[in-house]
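K.L.:
okay, sequence plus prediction incoming.
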Amino acid sequence: MRLVRIVVRLIACGVAAVSLAVVAFAIVLDRIAAQAEVVGVPPAWIAPFAFAAVAAPAAVGALVLLRRPGNAVGWILVIGALSFAVTWTGEAYARVALKAHPGSLPGGAWAALVGTVWPTLYAWRCPAW
């Protein structure tokens, strides 16, 4: 039982850390697209707020899950942060792969799909909760 709690805590912290890494990658991709003057790139001043929009729920969710690994709200916060980070990164990746430097990155069309469809995939409900 104790080992399961430790594993669940590690998974929660891992998901929170991946969320932060993914959103940092999105910021870099947005700056690359901005240098290529791609239309639709958010201005640079948005980046700290978007990072905070991922970091806050990821950190709070991870802290809740460190204390109570089975807490549904903690999981919703952590997965919601990951969802936002993946959506933003998909859009930024698609901008670079399809508009800024066409053909430079593989899977630009898939990234555009993930950037638009991923939020609907987050509308799930776990029957155990």
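P.N.:
Happy to help now that I have it.

K.L.:
I'd say Asp30 and Val41 touch.
P.N.:
Yes - counting by C-beta atoms under 8 Å, Asp30 touches Val41, with 5.6 Å between them. Any C-beta I mention is one placed from the backbone N, CA and C, and that applies to glycine too.

K.L.:
which residues are common contacts for those two?
P.N.:
By C-beta atoms under 8 Å, 6 or more residues apart in numbering, Asp30 and Val41 have these common neighbours: Arg95.

K.L.:
what's whichever strand or helix holds Gly74 packed up against?
P.N.:
Using DSSP states H and E, Gly74 maps to helix 72-94. Judged by 3 or more C-beta pairs under 8 Å, 6 or more residues apart in numbering; DSSP states H and E, helix 72-94 is in contact with helix 2-35, helix 47-67, helix 108-121.

K.L.:
now do the same for Ser83: its pLDDT.
P.N.:
Note for Ser83: predicted pLDDT of 88.

K.L.:
need the residue closest to the centroid of this structure.
P.N.:
Ala85 (1.8 Å; C-alpha atoms, centre = their mean).

K.L.:
quick one: that residue and Val22 touch, right?
P.N.:
Yes - between Ala85 and Val22 there is a contact at 4.1 Å, judged by C-beta under 8 Å.

K.L.:
for the closest residue to Gly40 other than its chain neighbours, grab the count of nearby residues.
P.N.:
Leaving aside its sequence neighbours, Gly40 sits nearest to Arg95 (C-beta to C-beta, 6 or more residues apart in numbering; 6.9 Å). Arg95: 25 surrounding residues under other C-beta atoms under 10 Å.

K.L.:
any idea how far Arg95 lies from Arg31?
P.N.:
For Arg95, the distance to Arg31 equals 11 Å [C-beta to C-beta, to the nearest Å].

K.L.:
mutual contacts of those two, please.
P.N.:
In contact with both Arg95 and Arg31: no residue, using C-beta under 8 Å, 6+ apart.

K.L.:
CA atoms of the helix or strand bottoming out on mean pLDDT in the chain as PDB?
P.N.:
Here the helix or strand of the chain ranked lowest by mean pLDDT, DSSP states H and E is helix 108-121, holding a mean of 77. Extracted in PDB, the C-alpha atoms of helix 108-121 (Å, rounded to 0.1, in the frame of the first residue of the first chain):
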ATOM      1  CA  GLY A 108       2.900  19.900 -38.300                       C
ATOM      2  CA  ALA A 109      -0.600  18.800 -39.400                       C
ATOM      3  CA  TRP A 110      -0.900  16.400 -36.400                       C
ATOM      4  CA  ALA A 111       0.300  19.200 -34.100                       C
ATOM      5  CA  ALA A 112      -2.400  21.500 -35.500                       C
ATOM      6  CA  LEU A 113      -5.000  18.800 -34.900                       C
ATOM      7  CA  VAL A 114      -3.800  18.300 -31.300                       C
ATOM      8  CA  GLY A 115      -3.800  22.000 -30.700                       C
ATOM      9  CA  THR A 116      -7.500  22.200 -31.700                       C
ATOM     10  CA  VAL A 117      -8.900  18.800 -30.600                       C
ATOM     11  CA  TRP A 118      -7.000  18.200 -27.400                       C
ATOM     12  CA  PRO A 119      -9.400  20.300 -25.200                       C
ATOM     13  CA  THR A 120     -12.300  18.100 -26.200                       C
ATOM     14  CA  LEU A 121     -10.300  15.100 -25.200                       C
END
